[in-house]
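# need a structure here:
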Amino acid sequence: MHTIQPTPSKEDIALLDPFERLGLDRIELVQTLAQAERALAALSDAPAWGFDTESKPTFVKNEVSHGPHVVQLATLERAWVFQLHDLDCRAVTAAALARPGVVKAGFGLGDDRKRIVEKLGVEPREVLDLNHVFRQRGYRKDMGVKGAVAVLFNQRFIKSGKASTSNWANVQLTEAQLIYAANDAWAAVRVFHALGLAAGPTPT
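Numbering: from 1, shown residues only. Predicted structure coming up:
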C-alpha cells in the first residue's frame with residue numbers, strides 16, 4: 001500500500017521557476033513522406049518517445065473534430081511535429097505509433113488513442129499513460145504534465161492556453177503551435193526518464 005502523496009496546487013506551481021523548453025532549433029515540422037521517414041530514422045534508436053496529439057477544438061454543440069491533426073513524438077534531444085494532411089506522411093506516422101519495442105509515453109492518452117484508431121486505422125502499441133504511473137505511486141489525482149514537472153523537477157511547466165485552443169487543422173502551423181506541441185511530448189519523455197522507467201517492463 002502506497003502512502004498518499006500530496007499533489008501540488010496551481011498556486012504552489014505558480015511560484016516555481018520555469019521548466020526548460022525546446023526552442024525551434026530542436027523542433028522539426030514533418031509534412032511529407034521524406035520528412036516522415038527521416039524523422040522515424042532519427043527516432044528509431046530511442047527506447048521511449050514522448051507522445052501526444054493535437055486536434056482542432058470544437059466550440060459549437062454537436063460539432064465534430066476529425067482529429068488528430070497533429071501527432072508529436074520526442075526524444076530527450078529533439079521533438080518532431082507530424083502533420084497528417086499528406087496521406088503518405090500519415091501512413092508513416094501510423095506505422096511509428098504501431099511499432100513494437102518503443103514506449104510511447106504521455107499524459108491522459110485515452111482520447112488520443114481512440115482518435116488514432118479511428119483516423120489512422122492502427123492501435124498504438126506500448127502506450128504508457130504517465131498519470132497511471134503516478135497513481136500507482138500514491139498520487140490520487142491525475143498529475144498531468146504540470147503536476148509531474150513540479151513534483152519531479154520542482155519547476156513550472158508553461159502551457160499557452162491560446163495555443164492549446166488554436167486551429168490544429170491549419171495547413172500552416174504557427175511557431176507558437178510548434179513550440180506548444182513539441183514541448184508537451186518532450187516534457188513527457190523527460191518525466192518518463194526521471195521516473196526511472198527506461199529500464200522497467202514495457203507496457204502492452
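# from here on, contacts and neighbour counts on C-alpha atoms
OK.
# In this structure, mark out all the strands, start to finish.
Ranges of strands within the chain are 27-30, 48-54, 70-74, 79-83, 103-106, 127-129, based on DSSP state E.
# and of these, who's closest to N167?
Closest approach to N167 among the strands of the chain is made by strand 48-54 (9.3 Å; C-alpha to C-alpha).
# tell me which helix or strand of this protein sits lowest on mean pLDDT?
Within the chain, no helix or strand scores below helix 161-164, which has a mean of 79 by mean pLDDT, DSSP states H and E.
# Name the surrounding residues that touch that helix.
Applying C-alpha atoms under 8 Å, 6 or more residues apart in numbering, the contact partners of helix 161-164 are 176-177, 180.
# mind running it again at 10 Å?
Outside helix 161-164, the residues that touch it by C-alpha atoms under 10 Å, 6 or more residues apart in numbering are 54-57, 174-181.
# Turn the strands of the chain into JSON lines, columns for mean neighbour count.
JSON lines is the format used below for those (neighbours: other C-alpha atoms under 10 Å):
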{"stretch": "strand 27-30", "mean neighbour count": "20"}
{"stretch": "strand 48-54", "mean neighbour count": "27"}
{"stretch": "strand 70-74", "mean neighbour count": "27"}
{"stretch": "strand 79-83", "mean neighbour count": "28"}
{"stretch": "strand 103-106", "mean neighbour count": "29"}
{"stretch": "strand 127-129", "mean neighbour count": "22"}
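# Any regions of this protein where pLDDT drops low?
Low-confidence segments of the chain (pLDDT under 70): 1-2, 58-65, 199-204.
# Can you tell me which residue is spatially central in the chain?
D52 (2.6 Å; C-alpha atoms, centre = their mean).
# which ones are touching it?
Applying C-alpha under 10 Å, 6+ apart, the residues near D52 are 68, 70-74, 81, 104-109, 112-113, 181-186, 188.
# How about stretch 94-107, which residues are buried there?
By neighbour count with 16 or more other C-alpha atoms under 10 Å, stretch 94-107 contains the buried residues 94-99, 102-107.
# export these to JSON lines and tack on distance to V127?
Supplementary listing: the buried residues of stretch 94-107 in JSON lines, determined by distance: C-alpha to C-alpha, whole Å:
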{"residue": "A94", "distance to V127": "13"}
{"residue": "A95", "distance to V127": "14"}
{"residue": "A96", "distance to V127": "12"}
{"residue": "L97", "distance to V127": "9"}
{"residue": "A98", "distance to V127": "10"}
{"residue": "R99", "distance to V127": "11"}
{"residue": "V102", "distance to V127": "9"}
{"residue": "V103", "distance to V127": "6"}
{"residue": "K104", "distance to V127": "5"}
{"residue": "A105", "distance to V127": "6"}
{"residue": "G106", "distance to V127": "8"}
{"residue": "F107", "distance to V127": "10"}
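# Can you list the residue ranges for helices in the protein?
Here the chain has its helices, by DSSP state H, at 10-14, 33-43, 87-97, 110-120, 130-136, 144-153, 161-164, 175-194.
# Look up how far W186 lies from the nearest residue in space to R190 that is not next to it in sequence.
Nearest non-adjacent residue to R190, counting by C-alpha to C-alpha, 6 or more residues apart in numbering: L76, 6.5 Å away. Distance of L76 to W186, computed by C-alpha to C-alpha, to the nearest Å: 7 Å.
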